[in-house]
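Participant: Okay, here's the prediction I keep looking at, along with the sequence it came from:
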Amino acid sequence: MKRSLSGAIAMLALAAAAPTLAADYPMFGAMRPSYDNGWEQSTENPLRMEAGLRYWYSLGEQSAEIGGNSYDTNDRSHILEGHLRIDDDYTSTFLKGQAGYAVYTTGDHNTNVGVPSPFEGGQIGYAGADFGYTPFGNETFRFGALVGYQYNRESPDRNRYDVQNVDGLNLHSLRLGVTAHADINEMFDIDAEIAAIPYAYGYGASAEIPMADTVIQGVTVNRTRTETSGALYGASGQIMIGFHPTENLTIRVGGRAWLLEGPSSSRQKWWEASTPDSYIYSDQSLNGFSLLRYGALAELTGRF
């Protein structure tokens with residue numbers, strides 16, 4: 001009985017002295033406070049996403065000179081493109097990708113003879129991705145750099161339904177550039193980028209072309225095929241003006257341009273008339289090769 005009474009008195013004394021002890025000994029006041037109201041609700045998600053479709057009315061120009069003969073190709077292509085962008089506000093980084101293909105192409109192929117040859121239904125497509133870092137700016141303006149890779153298929157004068165024309169022109173490019181985004185107000189924004197292409201590798205070939213028996217390097221041949229390859233360089237740029245009719249919908253219009261040029265080589269492959277599986281090569285320099293593609297863009301994008 002005395003022990004119980006003594007214990008109760010000791011507990012009451014400790015309770016009464018608790019405020020004083022907490023003041024004298026900081027360890028008592030350093031205990032974790034209670035959670036704020038709504039602690040179970042997560043903070044704002046740092047990830048933002050955009051996905052949508054673009055239409056690119058594209059004008060293309062290819063030019064080259066082989067053995068003193070000039071070859072030029074001009075096309076008008078209607079390209080549909082899908083794109084995706086993910087922004088991480090916490091790290092000020094983004095990842096974006098795009099892929100497009102021409103649904104309809106027309107154009108003209110010209111040689112030094114001066115008689116244009118019209119064509120329809122070529123192969124023009126591309127796919128690529130960029131990683132960017134935009135540490136500079138504020139809530140309404142961001143600026144930074146990007147690095148990326150892009151594959152291009154540039155064969156506007158190749159019939160996509162002809163299995164003999166499967167090689168075309170293929171390009172693998174490295175992109176290094178700068179990018180900026182500005183929110184003018186709640187309704188409008190501007191997005192721009194410009195990139196150098198310090199290195200691109202291109203390769204391709206034409207279809208096999210039957211020909212009359214001809215003596216080349218002392219061998220009688222009856223078929224030929226042109227193969228090209230080389231290292232290129234260039235630049236690309238894009239600017240878009242956006243309008244936000246709703247919180248999650250964006251409509252943008254703007255323009256885009258790509259340019260690649262550089263020295264390349266051309267190899268003519270000739271098949272022997274007497275032995276169909278045997279062939280010879282004739283190497284030539286491909287001078288003044290250039291590829292330009294530019295045009296107007298329209299975009300419909302959802303924001304999440």
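Facilitator: Received, thanks. A quick note: this is a predicted structure, and the numbers were derived from the prediction, not measured.
Participant: doesn't Arg76 fall inside a strand?
Facilitator: Yes: counting by DSSP: H, G, I helix; E, B strand; the rest coil, Arg76 is located in a strand.
Participant: so where is the stretch 51-200 of the chain shaky, pLDDT-wise?
Facilitator: Scanning the stretch 51-200 of the chain for pLDDT under 70 picks out 67, 112-114, 158-167.
Participant: hey, where'd the helices end up in the stretch 151-300 of the chain?
Facilitator: For the stretch 151-300 of the chain, no helices are identified by DSSP state H, counting those that start in this stretch.
Participant: Strands of that one, start to end?
Facilitator: Assigned by DSSP state E, counting those that start in this stretch, the strands in the stretch 151-300 of the chain fall at 168-183, 188-205, 209-216, 219-246, 249-272, 279-303.
Participant: Ile197: neighbour count?
Facilitator: Residues near Ile197, counting by other C-beta atoms under 10 Å, number 20. Bear in mind the C-beta positions are built from the backbone N, C-alpha and C, glycine included.
Participant: again with the one 4 residues further on
Facilitator: By the criterion of other C-beta under 10 Å, Tyr201 has 13 neighbours.
Participant: That one contacts His172, correct?
Facilitator: Yes: the pair Tyr201 / His172 is scored as a contact, 5.1 Å apart, by C-beta atoms under 8 Å.
Participant: ok, back up a step: okay if I get the strands of the stretch 151-300 of the chain as JSON lines plus distance to Tyr151?
Facilitator: Shown next, in JSON lines, are the strands of the stretch 151-300 of the chain (distance: least, C-beta to C-beta, whole Å):
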{"stretch": "strand 168-183", "distance to Tyr151": "6"}
{"stretch": "strand 188-205", "distance to Tyr151": "10"}
{"stretch": "strand 209-216", "distance to Tyr151": "27"}
{"stretch": "strand 219-246", "distance to Tyr151": "14"}
{"stretch": "strand 249-272", "distance to Tyr151": "13"}
{"stretch": "strand 279-303", "distance to Tyr151": "14"}
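Participant: out of these, nearest to Gly82?
Facilitator: strand 279-303 (10.6 Å; C-beta to C-beta).
Participant: for the closest one, packing partners?
Facilitator: strand 47-66, strand 219-246, strand 249-272 (3 or more C-beta pairs under 8 Å, 6 or more residues apart in numbering; DSSP states H and E).
Participant: in the first one, what's buried?
Facilitator: Looking back up the chat, that one is strand 47-66. For strand 47-66, the neighbour count (16 or more other C-beta atoms under 10 Å) marks 50, 52, 54-56, 58, 60-66 as buried.
Participant: Over to the longest one?
Facilitator: For strand 219-246, burial by neighbour count (16+ other C-beta under 10 Å) applies to 219, 221, 224-228, 230, 232, 234, 236, 238-240, 242, 244.
Participant: so which of those comes closest to Trp270?
Facilitator: Of the buried residues of strand 219-246, the one sitting nearest to Trp270 (C-beta to C-beta) turns out to be Val221, at 3.9 Å.
Participant: Any idea what the residue lying closest to the closest one once chain neighbours are set aside is bridged to?
Facilitator: If the residues on either side of it in the chain are set aside, Val221 comes closest to Trp270, at 3.9 Å by C-beta to C-beta, 6 or more residues apart in numbering. For Trp270, the beta-bridge partners are Thr224, Ile280 (DSSP bridges).
Participant: residue contacts, Trp270?
Facilitator: Residues near Trp270 by C-beta atoms under 8 Å, 6 or more residues apart in numbering: Ile216, Gln217, Val219, Val221, Arg223, Thr224, Tyr279, Ile280, Tyr281, Ser282.
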